[in-house]
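Undergrad: Starting from these lines, generate the structure:
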Amino acid sequence: MYVYNFIINIFTAIDLEIDNFYLKLPMFYYSIFIIGLVIIIFYDVVIISRLSYCLDFLYEISKNNKSVSVIRIISEWYYLIDKLLYHISPHFFTYRINENNVLDKSNIISPIIIYRTVKIIFLNMFTINIYNIIIWTLILSYFHPMLFHNSIQFIRNINLAEFFSGVAEFDYKNINNFLSFSSIFLSAVIIFSLTASAYKWKAMRKIKEEKYEKVVRIQEEIETLFGTILNSSKKNINRLNTMRKYLPDKFSQLITRTDRYSINKDGQFEAQDSMNFVNINIDDLTSGYKSFNVQIDRINKIFDEIRSSSLGYVYYQANKSVRYERLKLDLSNLIEEKNFKEIIAKRKDRLSSLIEKFEKINKVNVKRLKKEELEYEYNKYNNNWISSYKEIVRSAERELERNMVDFKKFINRKLENAILCHIILEEYLNISFNSNRFNFIRIILSIFGFK
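TA: Residues are numbered from 1 along each chain as shown. Predicted coordinates for the structure are as follows:
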């Protein structure tokens with residue numbers, strides 16, 4: 001009531017300042033429009049974005065160092081709550097895809113974009129939607145203050161017994177009159193159908209039907225490809241979960257070429273007194289995983305073709321039910337053999353200096369290099385502080401420890417992200433499969449405008 005009274009006061013102020021009735025109406029309309037826009041932006045920026053931020057924060061701290069079963073439950077709850085926030089968000093600032101294209105970023109200063117926006121805002125007054133119904137109802141209530149009261153009284157005074165009695169006593173002879181009218185209307189429709197405009201609309205309808213047929217076939221292919229990825233992803237998650245406690249140690253062996261260093265059950269770095277030299281490569285860390293890189297490349301190519309063709313709008317209209325899943329689905333978060341191997345290879349390449357340092361330490365251990373030679377080489381360009389051999393080893397071990405702990409965190413994050421992405425992909429397939437299959441009830445509801 002406070003908001004309603006506030007709006008009525010604005011209407012009153014406008015009414016007193018402007019005498020022309022036809023100028024009052026757009027002023028009434030856009031005053032409510034601006035108020036509603038401010039409320040929606042406040043709701044999106046303050047409420048939805050804060051809730052989304054809190055949800056992300058709680059999700060990050062609750063999934064750390066948990067088992068796969070616990071991570072899955074937490075991720076599914078995160079998915080459900082985040083999807084709820086997505087559906088109640090107006091999408092002004094939250095839940096939007098960030099475009100990196102320089103032309104997209106400059107839209108805000110584009111005269112053509114500004115012109116289109118102003119045009120849409122003006123024409124929005126005359127479109128039929130729930131927002132305009134509310135706005136025009138409020139404007140009408142200003143000129144007819146008893147509108148709401150009379151409507152409520154009318155609904156309360158409806159006598160269901162009299163209504164059903166009237167239906168029972170309906171003169172069914174009127175049906176004949178209705179059929180006669182229908183015949184006249186049908187004849188007019190037939191005459192209209194022979195005009196050039198009718199042929200144009202028929203052709204446009206046929207083209208649109210053909211586009212929907214193409215979209216359905218494309219979606220079938222996408223579902224097949226996603227199904228293959230989902231099956232492989234499930235096996236890869238299981239593989240990574242089995243191997244994740246060994247991978248930091250194997251990563252250490254990849255750097256040091258020895259089995260001396262490890263991370264214990266408590267997450268502490270350990271260095272054994274004895275050691276063995278090992279011959280290990282990246283394939284030993286990434287073996288046993290399924291590859292679905294071909295399927296991902298094909299999916300990316302399909303979406304590029306959709307975006308560059310006239311099927312984009314039709315495709316996204318036909319797949320409204322998976323808008324959230326499509327927004328959140330990032331296939332790079334899944335565990336894929338080739339991608340996983342490339343990531344580990346890049347981490348190794350960044351540690352080339354540390355690998356070289358351990359190579360020289362190993363040479364000292366097998367008597368192929370003297371400690372003094374290593375100390376001289378290490379201190380040659382370091383005049384401020386002269387390090388002994390033991391200090392050089394301790395420095396290398398500390399750097400190794402940081403990287404092993406970081407690698408363990410990376411593996412855990414990779415597993416957590418893969419589980420969430422797997423859940424989203426699974427729901428994408430499930431929703432897409434159900435929404436794109438023949439459903440008589442859904443067809444009936446779509447006739448009446450329900451999605």
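
Undergrad: Check which residues of stretch 361-372 are buried.
TA: Buried residues in stretch 361-372, counted by 16 or more other Cβ atoms under 10 Å: 361-362, 364, 369. For glycine as for every other residue, the C-beta is placed from the backbone atoms N, C-alpha and C.

Undergrad: How about stretch 305-313?
TA: Of the residues in stretch 305-313, 306, 311 count as buried by neighbour count, 16+ other Cβ under 10 Å.

Undergrad: Quick one: mean pLDDT over it.
TA: Stretch 305-313 shows a mean pLDDT of 85.

Undergrad: Then stretch 326-336?
TA: Stretch 326-336 comes out at a mean pLDDT of 94.

Undergrad: and it, how far apart are its ends?
TA: Taking Cα to Cα, to the nearest Å, stretch 326-336 runs 19 Å from one end to the other.

Undergrad: any residues touching it, and which ones?
TA: 82, 86, 95, 97, 229, 232-233, 236-237, 239-240, 289-293, 296, 299, 319, 339, 414-415, 417-418, 420-422, 424-425, 428 (Cβ atoms under 8 Å, 6 or more residues apart in numbering).

Undergrad: swap the cut-off to 6 Å and go again
TA: Contacts to stretch 326-336, defined as Cβ atoms under 6 Å, 6 or more residues apart in numbering, come from residues 233, 236, 240, 292-293, 296, 417-418, 421, 424.

Undergrad: coming back round to it: with secondary structure, pLDDT and distance to Ser309 added, can I get the buried residues of stretch 361-372 in CSV?
TA: Output for the buried residues of stretch 361-372, formatted as CSV (DSSP: H, G, I helix; E, B strand; the rest coil; pLDDT from 0 to 100; distance: Cβ to Cβ, whole Å):
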residue, secondary structure, pLDDT, distance to Ser309
Ile361, helix, 93, 59
Asn362, helix, 93, 58
Val364, helix, 92, 64
Leu369, coil, 91, 63
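
Undergrad: Save the residues you listed as TSV, and put in distance to Ile152 too.
TA: Converted to TSV, those look like this (distance: Cβ to Cβ, whole Å):
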residue	distance to Ile152
Ile361	87
Asn362	88
Val364	92
Leu369	94
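
Undergrad: just to revisit the earlier point, quick one: which of the contacts of stretch 326-336 is nearest Met146?
TA: Ile424 (51.8 Å; Cβ to Cβ).

Undergrad: who does the strand or helix carrying Ala396 touch, helix- and strand-wise?
TA: Assigned by DSSP states H and E, Ala396 belongs to helix 389-435. When contacts are defined as 3 or more Cβ pairs under 6 Å, 6 or more residues apart in numbering; DSSP states H and E, helix 389-435 sits against helix 68-87, helix 196-243, helix 247-256, helix 323-328, helix 371-379.

Undergrad: Between helix 371-379 and it, find me the angle.
TA: 60 degrees (axes from the mean of the first three to the mean of the last three Cα atoms, to 10 degrees).

Undergrad: what distance separates helix 389-435 from the centre of its chain?
TA: Here helix 389-435 is found 21 Å from its chain centre; the criterion is Cα atoms, centre = their mean, to the nearest Å.

Undergrad: Give the residue spans of the stretch 101-250 of the chain that score low on pLDDT.
TA: Applying pLDDT under 70 to the stretch 101-250 of the chain flags the ranges 105, 108, 148-149, 158-199.

Undergrad: at 50 what do you get?
TA: Within the stretch 101-250 of the chain, no range satisfies pLDDT under 50.

Undergrad: Other residues contacting stretch 275-287?
TA: 250, 253-254, 257-260, 340-341, 344-345.

Undergrad: What average pLDDT does it get?
TA: So the average pLDDT for stretch 275-287 ends up being 92.

Undergrad: end-to-end on it?
TA: Counting by Cα to Cα, the terminal residues of stretch 275-287 are separated by 25 Å.

Undergrad: Please identify the buried residues of it?
TA: Result for stretch 275-287 [16+ other Cβ under 10 Å]: buried residues 280, 282, 285-286.

Undergrad: What is the nearest of those to Glu377?
TA: Ile280 (26.1 Å).

Undergrad: That closest one looks like it's in a helix, true?
TA: No - counting by DSSP: H, G, I helix; E, B strand; the rest coil, Ile280 falls outside a helix, being coil.

Undergrad: Dihedrals phi and psi, it?
TA: Backbone torsions for Ile280, taken as degrees, to the nearest 10, come to phi -130, psi 150.

Undergrad: Equivalent analysis for Leu369, please.
TA: The phi/psi pair for Leu369 (degrees, to the nearest 10) is phi -150, psi 140.

Undergrad: neighbours around Asn319, how many?
TA: By other Cβ atoms under 10 Å, 20 other residues sit near Asn319.

Undergrad: what's near enough to touch Tyr59?
TA: Tyr59 neighbours (Cβ under 6 Å, 6+ apart): Tyr78.

Undergrad: Is it within a helix or a strand, and which one?
TA: helix 49-62.

Undergrad: May I have that helix exported as CSV, CA atoms only?
TA: C-alpha atoms of helix 49-62 as CSV (Å, rounded to 0.1, in the frame of the first residue of the first chain):
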residue,chain,number,x,y,z
SER,A,49,24.2,-10.7,-6.4
ARG,A,50,24.8,-10.8,-2.6
LEU,A,51,22.9,-14.1,-2.3
SER,A,52,24.9,-15.5,-5.2
TYR,A,53,28.2,-14.3,-3.7
CYS,A,54,27.3,-15.9,-0.3
LEU,A,55,26.3,-19.1,-2.0
ASP,A,56,29.6,-19.3,-4.0
PHE,A,57,31.6,-18.6,-0.8
LEU,A,58,29.7,-21.3,1.2
TYR,A,59,30.2,-23.7,-1.6
GLU,A,60,33.9,-23.1,-1.8
ILE,A,61,34.6,-23.5,1.9
SER,A,62,32.3,-26.5,2.3
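
Undergrad: Flag the shaky bits of the stretch 351-451 of the chain, pLDDT-wise.
TA: Checking the stretch 351-451 of the chain against pLDDT under 50 turns up 440-451.

Undergrad: Need the helices and strands packed on helix 389-435 in CSV (columns: distance to Ile18).
TA: Compiled in CSV, these are given as follows (distance: least, Cβ to Cβ, whole Å):
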stretch, distance to Ile18
helix 68-87, 40
helix 196-243, 40
helix 247-256, 73
helix 323-328, 42
helix 371-379, 84
